[in-house]
Structure formats: C-alpha cells, structure tokens
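[1] Here is the input, now give the coordinates:
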Amino acid sequence: MKIAHLSDLHLGKRLKEYSLIEDQKYILRQIIEILKQEKVTTVLLAGDIYDTGNPSSEAVALLSMFLLELKNLNIHVIIIAGNHDNGTRLSYGAEIFADSNIHITGKYTGILASTTIEDAYGPIHFYSLPYIRPIYVNQYLDETEAVEGYTAAIKHALQTVELNQQERNVILSHQFITGSVTDEQGSEVSVGGTDNVDGNVFNDFDYVALGHIHRPQTILRETMHYCGTPLKYSVGEANTTKSVTIIDMKEKGHTTVYTVDLKPLHDVVVIKDTFANILQRKNKKNDDYVYFQLQDERMVFDAINTLRLRYPNILGISYPNSAYEQSEQGIGYTKQKNQTPQEIFGDFFAQYTGHVLDDIQEKILDELVTKIWKEGDEE
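    Numbers count the residues shown, from 1 in each chain. Below is the predicted model of the structure:
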C-alpha cells in the first residue's frame with residue numbers, strides 16, 4: 001500500500017499580515033498531483049488541520065475542496081485533531097464522512113479509534129490518537145488510576161487496544177516526541193519540555209505518523225516520522241525543504257519511507273546584505289515572502305518602504321550588526337535629568353538615523369513643541 005503522510009496544514013494561517021489561503025490552495029493542488037503520480041491509496045493527516053479552533057469560511061472551504069478531490073480519487077483519508085484544532089468542530093459530520101472513506105477523530109473518547117484497510121498483503125490497522133493532555137485521559141479514570149505526565153497519558157491510551165502483532169499497525173499522533181528538533185519560530189513546545197513524550201511508547205507500531213513539529217524529521221527509527229508542514233510558516237523555516245512523506249508498506253517488516261519535494265507559490269526567504277547592495281541588485285520584482293537582515297551598523301531611514309517597492313511581501317527587517325538592535329528591542333536611549341523634549345527627541349533621532357538634527361529641523365521641532373505645550377495650557 002502507498003500511504004501519504006501529511007500534517008500541520010494550518011489552513012487559514014496568516015504569515016505576518018499576509019493571508020496564505022492562495023498559497024495553501026496552490027500547495028494542496030500540487031499535493032493532489034503527487035498523490036496521483038505516486039499512486040497513493042491512503043492519506044494520513046496528523047493534526048493541526050486548521051490554524052485556529054474557529055477557522056475562517058475560506059479555510060473550511062479549502063479543506064472541503066481537498067477532501068472532495070481525495071474522495072473522487074477513491075483515496076482513504078484518516079484525520080486526527082491537533083492542538084490548534086477544535087476537535088468537536090473538526091469531527092462534525094464524521095459519521096457521514098466515514099461512508100466516503102474519510103475517517104475523522106476529533107477527540108479522545110477513552111479508547112483509540114481505529115480503521116482497517118486491506119491491501120494485497122492483508123489488513124493494515126490504523127489507530128487515531130488526537131492531541132491529548134493528561135487531563136483528557138484522566139476524565140475517563142477514577143482518582144486511583146489517574147496518570148501524571150504526557151508519556152503516561154499516551155501509554156494508557158495505547159493500552160486501550162490489543163494489537164495483533166502478526167499484522168501491520170499504524171498510528172497517527174500529534175505530540176512532541178523527545179528528541180525532536182523545533183524551528184526558531186515554528187512549532188509550539190511547552191516551557192521546560194513538560195509535554196514531551198517518550199517515543200518508545202510507540203515501539204509496537206510498524207509506522208508512527210507524527211504531527212506537531214514543523215520541521216520534517218525521523219525520530220528513533222526510520223518508521224517514526226514527522227512529515228512537517230507543507231509550507232514554510234515562519235522565518236525560522238526559511239532553510240528547510242517542504243515535502244510529502246510517502247510510505248510504501250508491503251508485508252510486515254518491509255516498509256520504505258521517502259519524500260517528494262514541494263514547490264511553493266511564494267517561498268520564505270532571508271536576505272543578508274547591506275541596504276545599498278540590495279538596492280544595486282538587478283533582479284526583477286520578487287513576490288516571495290522576504291525577511292531582511294541588514295548588515296548596516298546603523299538603522300536605515302524608511303528602509304522597509306523602499307524595499308517594499310521591489311519586495312511587496314516583505315516580512316520585516318533586523319539589524320544584527322547594529323549596536324542598538326533597534327528592530328528587535330526598540331530604539332533605546334537613556335533619559336538624563338532635566339532633558340528638554342527637544343533634547344530627548346534629538347537623542348532618538350540620532351540613534352535612529354545616525355545623524356544629528358540640523359538648524360532647520362531644530363527650528364521645526366521647537367515650533368512644534370511650543371505649539372503642543374500651548375494647546376495643553378489652553379485646556
């Protein structure tokens with residue numbers, strides 16, 4: 001059986017102020033073409049289908065389109081909820097969808113939901129474990145049985161089913177597995193790693209389809225895998241390659257995992273150079289999502305608006321070589337005792353532009369401050 005492993009679609013997500021709906025529509029169509037080329041018969045969606053628990057109508061329509069395309073291709077679909085999803089909303093109409101071989105598990109109900117699909121080598125049992133916390137498990141236990149910690153919660157959930165070890169077993173899970181590599185601004189992990197799960201709890205499964213971490217990676221073994229997001233959802237992911245994970249599962253013990261790269265409508269790019277060098281480049285208008293790390297030692301006045309003329313989807317600017325780190329920490333200055341407003345603004349202006357106020361600018365500032373004080377006195 002050819003299985004495609006996807007997760008963390010985050011439909012409806014915005015990157016800074018930019019809606020990614022068109023980017024997501026483009027990549028889902030590309031994924032459908034890959035599924036056709038690879039002759040995939042089953043698709044696993046391991047959580048965070050939507051970016052929020054209350055998705056926009058555009059995001060809902062996009063998922064509907066995707067699932068309809070998969071149904072028309074006679075592809076089985078197995079979906080679990082992630083921590084970004086509202087499990088109840090996601091699983092609305094699940095019983096009806098099941099008639100079209102679309103199986104959705106929005107919430108943990110005390111036992112693992114399962115779906116069995118036959119291929120030339122016999123049955124494959126797919127188990128669905130949506131994102132859970134210990135409290136989700138403990139609501140089905142009395143006080144003497146209550147579990148502590150995420151690993152114990154997962155272990156208990158897995159004990160609700162008896163696996164046939166002579167047959168193939170696959171599980172979908174949306175958790176943070178110990179040893180995973182996170183992105184600078186990507187996936188969410190609790191402070192102190194309190195939500196870590198020991199990956200060894202999944203040892204009895206032939207393949208573990210993981211979601212939650214945005215960087216594709218293998219954990220502990222080749223058949224325990226995070227597929228990552230289909231698009232780059234943060235600047236920290238700029239250097240990653242997004243892909244579809246394909247599992248070629250034959251008889252038990254013979255599973256091959258490989259990836260097919262995805263090409264986005266707009267890439268996420270980090271450009272490191274001086275402001276002057278960037279303006280001298282001869283490249284045409286760039287529609288990618290671009291973040292600039294300007295190598296100038298001082299902040300360039302109105303740089304973002306100048307760069308936006310050539311890079312309309314600009315994500316932001318930082319100055320890693322600046323003594324002030326204005327873009328990251330704000331422009332700072334030390335207010336001295338008895339400083340006038342003009343002196344305070346003069347310090348601000350010098351740190352922002354690298355220049356002092358000239359005579360004309362000082363005259364305008366004096367008139368403006370006088371006017372403001374006068375209006376205040378009149379009140």
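[2] Go ahead and measure how far stretch 284-300 is from the middle of the chain.
    On the basis of CA atoms, centre = their mean, to the nearest Å, stretch 284-300 sits 23 Å off its chain's mean C-alpha point.
[3] And for stretch 153-162?
    28 Å.
[4] can I get the CA coordinates of it in CSV?
    Output of stretch 153-162 as CSV, limited to C-alpha atoms (Å, rounded to 0.1, in the frame of the first residue of the first chain):
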residue,chain,number,x,y,z
ALA,A,153,-1.2,9.5,29.3
ILE,A,154,-0.1,8.3,25.9
LYS,A,155,0.9,4.9,27.3
HIS,A,156,-2.5,4.5,28.9
ALA,A,157,-4.4,5.5,25.7
LEU,A,158,-2.4,2.8,23.8
GLN,A,159,-3.3,0.2,26.3
THR,A,160,-7.0,0.5,25.4
VAL,A,161,-6.4,-1.6,22.3
GLU,A,162,-4.9,-5.0,21.9
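[5] Residues in contact with it: which ones?
    By CB atoms under 8 Å, 6 or more residues apart in numbering, the list of residues contacting stretch 153-162 from outside reads 108, 110-112, 114, 127, 129, 132-134, 136-138, 141, 147, 171, 173, 175, 197, 201-202, 204. No exception for glycine: its C-beta is placed from N, CA and C like everyone else's.
[6] Over to stretch 271-285?
    Applying CB under 8 Å, 6+ apart, the external contacts of stretch 271-285 come out as 290-296, 300, 303, 306-307, 310-312.
[7] mind running it again at 10 Å?
    238, 286, 288, 290-301, 303, 306-307, 309-312, 314, 317-321 (CB atoms under 10 Å, 6 or more residues apart in numbering).
[8] same thing with stretch 61-69?
    By CB under 10 Å, 6+ apart, the residues outside stretch 61-69 that reach it are 6, 9, 11-12, 21-22, 24-25, 28-29, 31-32, 35-36, 43, 45, 49-50, 55-56, 75, 77, 79, 90, 97, 100, 102, 104.
[9] again, only this time at 6 Å
    Stretch 61-69 has contacts (CB atoms under 6 Å, 6 or more residues apart in numbering) with L11, K25, L28, I32, I102.
[10] ends of stretch 207-221, how far apart?
    End-to-end span of stretch 207-221 (CA to CA, to the nearest Å): 10 Å.
[11] again, but for stretch 78-94
    When the termini of stretch 78-94 are compared using CA to CA, they are 11 Å apart.
[12] Tell me where the model's unsure across this structure.
    179-194, 323-339, 347, 350-356, 359, 374-379 (pLDDT under 70).
[13] Looking at it, which helix is longest?
    helix 359-378 (DSSP state H).
[14] and L63, how many neighbours?
    20 (other CB atoms under 10 Å).
[15] Distance check, it against L11.
    Between L63 and L11 the computed distance is 6 Å (CB to CB, to the nearest Å).
[16] For H76, give me its contacts.
    T42, N101, I117.
[17] before we move on, what SS does I124 have?
    Secondary structure, DSSP: H, G, I helix; E, B strand; the rest coil: I124 is strand.
[18] hey, what's it bridged with?
    Applying DSSP bridges to I124 gives these bridge partners: I117, R168.
[19] Unless I'm misreading it, it sits right up against N169, doesn't it?
    No - I124 is beyond contact range of N169, at 7.6 Å (criterion: CB atoms under 6 Å).
[20] can you list contacts of the longest helix of the chain?
    With contacts defined as CB under 6 Å, 6+ apart, helix 359-378 is touched by P341, Q342.
[21] any idea where the helices of the stretch 51-200 of the chain begin and end?
    57-72, 87-90, 94-98, 134-138, 150-158 (DSSP state H, counting those that start in this stretch).
[22] Would you mind finding the most buried of those helices?
    helix 150-158 (a mean of 21; mean count of other CB atoms under 10 Å).
[23] A152 - nearest residue in space that isn't next to it in sequence?
    P134 (7.0 Å; CB to CB, 6 or more residues apart in numbering).
[24] How many neighbouring residues does L6 have?
    24.
[25] before we move on, what about the one 10 residues further on?
    The criterion is other CB under 10 Å. On that basis, K16 has 12 neighbouring residues.
[26] rewinding a little: could you pick out which of the contacts of stretch 271-285 are located in strands?
    Using DSSP state E, V290, Y291, F292, Q293, L294, I314, I317, S318 are the members of the contacts of stretch 271-285 that sit in strands.
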